[in-house]
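1. Got a predicted model here, sequence first, then my questions.
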Amino acid sequence: MTSTGMIIGRTAVFFLGIFIIGGTLVAAIKTFILPRGVNVWLTRVVFRAIGFFFRLRVKRATYGERDRIMAFFPPLALFLMPMILLVLILLGYILLFWALDPRPLSELLYLSGSSLLTLGYASVNTTASKLLEFSEAMIGLVLIAMLIAYLPTMYNAFSRRETAVVLWEARAGSPPTVAEMVARSYRTGELERLRDLWLAWQTWFAELEESHTSLSPLVFFRSPQAQRSWITAAGNVMDSAAFILSAVDVRFEPQAAFCIRAGFLALRQIADFFGLPYDPDPAPDMPISISRHEFDEVCDKLAAQDVPLKADREQAWRDFAGWRVNYDDVLLALAALTIAPYAPWISDRSALTRQN
């Protein structure tokens with residue numbers, strides 16, 4: 001190869017190394033620092049690849065086995081993510097070192113690895129090489145520091161999410177149901193005093209939208225108890241609000257309506273992040289996954305407990321369906337994505353999440 005060709009080749013390799021390092025750093029910044037939901041290609045590829053093997057493993061398992069296996073999915077992906085970032089940085093700097101001074105791959109690997117991990121057992125005494133060694137060591141330290149800062153933020157958001165899920169279980173049962181939530185609220189005399197509850201869940205939905213897009217692995221973090229899930233709790237909150245607004249004969253509470261809206265907007269944002277399809281502007285009379293028979297069963301069960309219900313059952317059903325249609329598709333899609341535990345009107349709609 002001529003000297004001109006060699007210079008062109010080394011220059012091309014140098015810029016390829018810069019491209020790999022720059023792309024990796026941008027992916028790390030978007031994943032660990034940027035406070036907004038950005039679908040980073042590297043993070044997406046890692047999670048999809050790992051998730052593919054996990055889903056193969058749980059395809060024919062019972063729900064208990066699925067839950068135990070899938071609980072390891074997000075921690076393992078997060079464990080491997082910084083390693084993959086470091087390997088890409090290592091590769092990028094191998095190309096840079098080679099472009100400055102072509103030498104055997106083993107020597108380049110030792111040099112780049114020693115710099116990245118700040119081991120210091122391999123070095124080259126030239127100014128250009130020293131600058132590369134220092135920059136690589138700094139990048140390695142910064143990536144580790146970002147991960148250290150990232151995990152507490154994620155687990156704080158997880159803890160806040162799960163606190164609300166546990167409190168909802170106390171009110172709506174396990175698995176949560178509309179009938180149980182409404183009946184318990186009636187027995188305790190709270191049925192007409194749920195304003196603060198709906199306000200609290202509006203805040204929860206707002207935090208859910210922010211945390212589960214900017215910290216997207218949270219979507220797959222499972223609750224400490226196998227029968228609980230953030231998505232089944234979210235669905236049951238909206239179903240309960242919709243049922244009370246449409247079928248229960250109490251004073252209209254506008255915060256319940258705002259709670260439903262906050263809920264389906266949050267779920268849609270999460271679905272958008274993961275590319276899940278849904279109708280953004282459904283007609284009020286579109287079919288929903290809940291049948292009229294199931295709705296009537298809940299009404300009959302509550303009527304037997306003397307819960308005041310509206311006399312016009314037909315209008316109540318139309319009103320309930322008009323609320324539910326706003327989040328029906330997206331709720332079931334997220335329940336399937338997360339392999340949620342059994343819950344009536346939510347995960348039982350999906351064959352992926354039925355217990356064997």
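-> Cool, got the structure.

2. Low-confidence bits of the protein, can you list those?
-> The model of the chain has pLDDT under 70 over residues 1-2, 350-356.

3. Could you pick out the longest helix of it?
-> Longest helix of the chain, by residue count under DSSP state H: helix 127-172.

4. Tell me which other helices or strands that helix touches.
-> When contacts are defined as 3 or more C-beta pairs under 8 Å, 6 or more residues apart in numbering; DSSP states H and E, helix 127-172 sits against helix 3-32, helix 73-100, helix 105-116, helix 178-187, helix 195-214, helix 230-247. To be clear about C-beta, it is placed using only N, CA and C from the backbone, and glycine gets the same treatment.

5. so which of those helices comes closest to residue 48?
-> Closest of the helices and strands packed on helix 127-172 to residue 48 is helix 73-100, at 9.7 Å (criterion: C-beta to C-beta).

6. Which residues are in contact with residue 173?
-> By C-beta atoms under 8 Å, 6 or more residues apart in numbering, the contact set of residue 173 is 180, 181, 184.

7. Of the residues you listed, which is the most crowded?
-> Within the contacts of residue 173, most neighbours by other C-beta atoms under 10 Å means residue 181, with 23 neighbours.

8. From residue 323, how far out is that one?
-> Relative to residue 323, residue 181 is positioned 15 Å away (C-beta to C-beta, to the nearest Å).

9. thinking again about what came up before, centre of the chain to the longest helix of the chain, how far?
-> The chain centroid and the centroid of helix 127-172 are separated by 15 Å under C-alpha atoms, centre = their mean, to the nearest Å.

10. That helix vs helix 195-214, what angle?
-> Going by axes from the mean of the first three to the mean of the last three C-alpha atoms, to 10 degrees, helix 127-172 is angled at 150 degrees with respect to helix 195-214.

11. Measure how helix 127-172 sits relative to helix 230-247, angle-wise.
-> Using the same axes, to 10 degrees: helix 127-172 against helix 230-247 is 40 degrees.

12. need the contact list for the nearest residue to residue 34 once chain neighbours are set aside.
-> Distances taken as C-beta to C-beta, 6 or more residues apart in numbering put residue 214 closest to residue 34, at 7.3 Å, once the chain neighbours are dropped. Residues near residue 214 by C-beta under 8 Å, 6+ apart: 34, 35, 36, 37.

13. so how far is residue 102 from the first one?
-> This points to residue 34. Distance, residue 34 to residue 102, by C-beta to C-beta: 37 Å.

14. what does residue 257 give?
-> 69 Å.

15. quick one: which of those two has more around it?
-> With neighbours defined as other C-beta under 10 Å, residue 257 and residue 102 compare such that residue 257 has more, 15 against 12.

16. what is the orientation angle of the helix or strand hosting the more buried one with helix 230-247?
-> Using DSSP states H and E, residue 257 falls within helix 254-274. Angle between the axes of helix 254-274 and helix 230-247 is 140 degrees (criterion: the same axes, to 10 degrees).

17. Go ahead and flag the most central residue of this protein.
-> Centroid check for the chain by C-alpha atoms, centre = their mean gives residue 219 as the closest residue, at 2.1 Å.

18. which non-adjacent residue is nearest residue 296?
-> Take residue 296 and drop its neighbours on the chain: the residue closest to it by C-beta to C-beta, 6+ apart is residue 313, 7.1 Å away.

19. meant to ask about residue 303
-> Nearest to residue 303 is residue 309, by C-beta to C-beta, 6+ apart, at 5.7 Å.

20. pretty sure the one you found is touching residue 299, no?
-> Yes. At 5.9 Å, residue 309 counts as touching residue 299 under the criterion of C-beta atoms under 8 Å.
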